[in-house]
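Novice: Next one to model:
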Amino acid sequence: MQLKEKLTSEPGFSYVIDAIELMSAAGRRCMMAQPLMKDADLINAEYDNIDTVRQCLADNNAERATSTIRHQLMQMHDVQGTLNNLEHKTTLEEIELFEIKSLAFLCVNTAKAANSIGIAHLLSLPDTSSVFNLLDPDNTGIPNFYIYDSYHPELPAVRKQLKELQAQLDSGKVDAEQGLVLQRQIGELFEKHSALQQTVITRLSAQLAEYHSLLQLAYDRMAYTDLLFAKATLANSWNLCRPKIEADLQHLHTQFAGLWNPRLRHRIEAIGQRYQPVDITLYGGVCLITGANMAGKTVLLKTVGIAQLLAQFGFFVPAESATVSLVDDIVFCIGDEQNEMNGLSSFASEITKISDTLVRARTSSLLVLIDEPARTTNPIEGKAIVQSIASLLDKMHSMTLITTHYSQLALPCRRLRVKGFVENMVDIALSPDNINRFMDYSLLPDDSDDVPQEALRIASILQCDADMLDTARRFIGQDSAVQ
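Specialist: Residues are numbered from 1 along each chain as shown. Presented below is the predicted three-dimensional model:
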């Protein structure tokens, strides 16, 4: 499973990926092809690389070298098509020879800069100097490509003669008949010159084909260098943390302290408000999350999923500290799952996805995030469906977070409650625009089988229609009396 396949799973994850400052198309292709890693050693090796580059980026003594590396990456062209032509031993165009020479040049310079600050072993860039020298026979030391005279013994004389004849023709000292003769001679020489150049290009293409594997490796490692520097840059600029990877696959344990949602935090802080990170610990089995409306339950699920994705794609995560158990996949069952194209209702699409997740969870270890399942159907059946989903997933080797408003679920699983609205903090007139400032998103252990009932209280604080609120309270009283 590659990163590009998970981009549509949650917009907040796409927000992070879009913020990655890559210098090249090759770097972006490398990022999109990143696998969801399930090996602790591989992830820790990637984290070691990011840590090392982070230190270099923060070191004033390494600034010149890191700037050089970034400059080389910015100059890199997307030459995968040219490399494919080399692999198939196709005769290249002159522009493609330039692309190859430029790649070799940039790789050599990047390797030198990396070696000067002790990170050459991280990048593993191959030595492409032999390719550069082949395409730079006159030792110009520049990436521009030209079919030099030294490539063919006949080229200097032909070019000299062409120049002389053209100068004679341009002198204005020849009559019309002499001009026609000169034009014919120039045309013949130009054809010969083109044939000689093509001979050189054909020979160079054949020689370069032998270097295909080296050049492909250079391109791939330069792309990885771009991605590695982008990961380190994001970690520094966003103050992301390196997660500890839980190596024990039999005992799932993921813990985030000070976890935050990048897209939401940046939006909230942009308008001068305070964002509240949260702490959460997950174990194998099911954890039910309850809380009032606007208590951030949905955001919590999304944020946990984003952090897990980032960790397993080899990024640092938005938290103060983190311990992450590796899973086979992250499944989001969040929001309106309606699919108008195939005619499924919200409930049908949601329940189908949950059913598919249950099937997968029987043979795979998953992080399952389900937001208020069965909320669009009648309460009696909805409650039964939530109980069924939770009881089944609780027996599987996965970590599951389920938010719900259903009470009396009679399930033995772990429960957490969002603290919610803190009325004694209010010091201004409340409105839909500012009420979130007085929500406490902390998670509390909750042994109760009831869920918070704060909807009417919040509606009252927001000064909603009094008749509506009184009528709602009367119906609640009637229901209580019946029960």
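
Novice: Now do Ala167: how many residues are near it, please.
Specialist: 9 (other C-beta atoms under 10 Å). C-beta here means a position set from N, CA and C on the backbone, and glycine is covered the same way.

Novice: My error: substitute Thr471 in the last question.
Specialist: 11.

Novice: just Leu264 next, same as before
Specialist: Close neighbours of Leu264, defined as other C-beta under 10 Å, add up to 16.

Novice: Give the closest residue to it in space, chain neighbours not counted.
Specialist: Spatial nearest neighbour of Leu264, chain neighbours left out: Val299 (6.1 Å); criterion: C-beta to C-beta, 6 or more residues apart in numbering.

Novice: got the buried residues for the helix or strand harbouring that neighbour?
Specialist: Element membership of Val299 [criterion: DSSP states H and E] is helix 297-312. Within helix 297-312, the residues scored as buried using 16 or more other C-beta atoms under 10 Å are 297, 299-312.

Novice: for stretch 154-171, same thing?
Specialist: Neighbour counts over stretch 154-171 (16+ other C-beta under 10 Å) mark 155, 158, 162, 165, 168-169 as buried.

Novice: Not counting that stretch itself, show me its contacts.
Specialist: For stretch 154-171, the external contacting residues (C-beta atoms under 8 Å, 6 or more residues apart in numbering) are 147, 149, 174, 179, 182-183, 185-186, 189-190, 192-193, 196-197, 200.

Novice: Likewise for stretch 355-371?
Specialist: Under C-beta under 8 Å, 6+ apart, the answer for stretch 355-371 is 249, 252, 254, 282, 297-298, 301-302, 304-305, 308, 326-335, 354, 389, 392-393, 396-403.

Novice: so of these, which ones are in strands?
Specialist: Judged by DSSP state E, the subset of the contacts of stretch 355-371 located in strands is 254, 282, 329-333, 399-403.

Novice: quick one: what helix or strand has Ser442 in it?
Specialist: Element membership for Ser442, per DSSP H and E: strand 439-445.

Novice: Which strands border that strand, and is each parallel or antiparallel?
Specialist: Strand pairing for strand 439-445, determined by DSSP bridges: strand 414-421 (antiparallel).

Novice: now the angle from the strand it pairs with to helix 297-312?
Specialist: Angle of strand 414-421 versus helix 297-312, following axes from the mean of the first three to the mean of the last three C-alpha atoms, to 10 degrees, is 120 degrees.

Novice: how far off helix 297-312 does the helix or strand containing Arg267 point, in degrees?
Specialist: Arg267 is part of helix 262-270, with elements assigned from DSSP H and E. In terms of direction (the same axes, to 10 degrees), helix 262-270 departs from helix 297-312 by 120 degrees.

Novice: packing partners for helix 262-270?
Specialist: helix 11-18, helix 297-312 (3 or more C-beta pairs under 8 Å, 6 or more residues apart in numbering; DSSP states H and E).

Novice: contacting residues for the nearest residue to Ala322 once chain neighbours are set aside?
Specialist: Leaving aside its sequence neighbours, Ala322 sits nearest to Pro243 (C-beta to C-beta, 6+ apart; 3.9 Å). Applying C-beta under 8 Å, 6+ apart, we find Pro243 in contact with 47, 311, 316-317, 319, 322-324.

Novice: Include distance to Met468, secondary structure and pLDDT when you put those into TSV, please.
Specialist: Conversion of the contacts of Pro243 to TSV gives the following (distance: C-beta to C-beta, whole Å; DSSP: H, G, I helix; E, B strand; the rest coil; pLDDT from 0 to 100):
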residue	distance to Met468	secondary structure	pLDDT
Tyr47	54	helix	97
Ala311	45	helix	97
Phe316	48	coil	98
Val317	43	strand	98
Ala319	41	coil	97
Ala322	44	strand	97
Thr323	46	strand	97
Val324	45	strand	97
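
Novice: List just the nearest of these to Thr66.
Specialist: Nearest to Thr66 among these: Phe316, at 18.2 Å, using C-beta to C-beta.

Novice: ok, that closest one to Ile306 distance?
Specialist: Relative to Ile306, Phe316 is positioned 12 Å away (C-beta to C-beta, to the nearest Å).

Novice: Ok, Asn115 next?
Specialist: Taking C-beta to C-beta as the measure, Asn115 falls 36 Å from Ile306.

Novice: Now Cys287: which helix or strand?
Specialist: Cys287 belongs to strand 285-290, assigned by DSSP H and E.

Novice: helices or strands up against that strand?
Specialist: helix 297-312, helix 379-393, strand 399-403, strand 414-421.

Novice: Only C-alpha atoms, please: export it in CSV.
Specialist: The C-alpha trace of strand 285-290 is given here as CSV (Å, rounded to 0.1, in the frame of the first residue of the first chain):
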residue,chain,number,x,y,z
GLY,A,285,-9.7,-4.1,21.4
VAL,A,286,-12.4,-1.4,21.4
CYS,A,287,-12.5,2.0,23.2
LEU,A,288,-15.8,3.9,23.2
ILE,A,289,-15.6,7.7,23.1
THR,A,290,-18.6,9.7,24.4
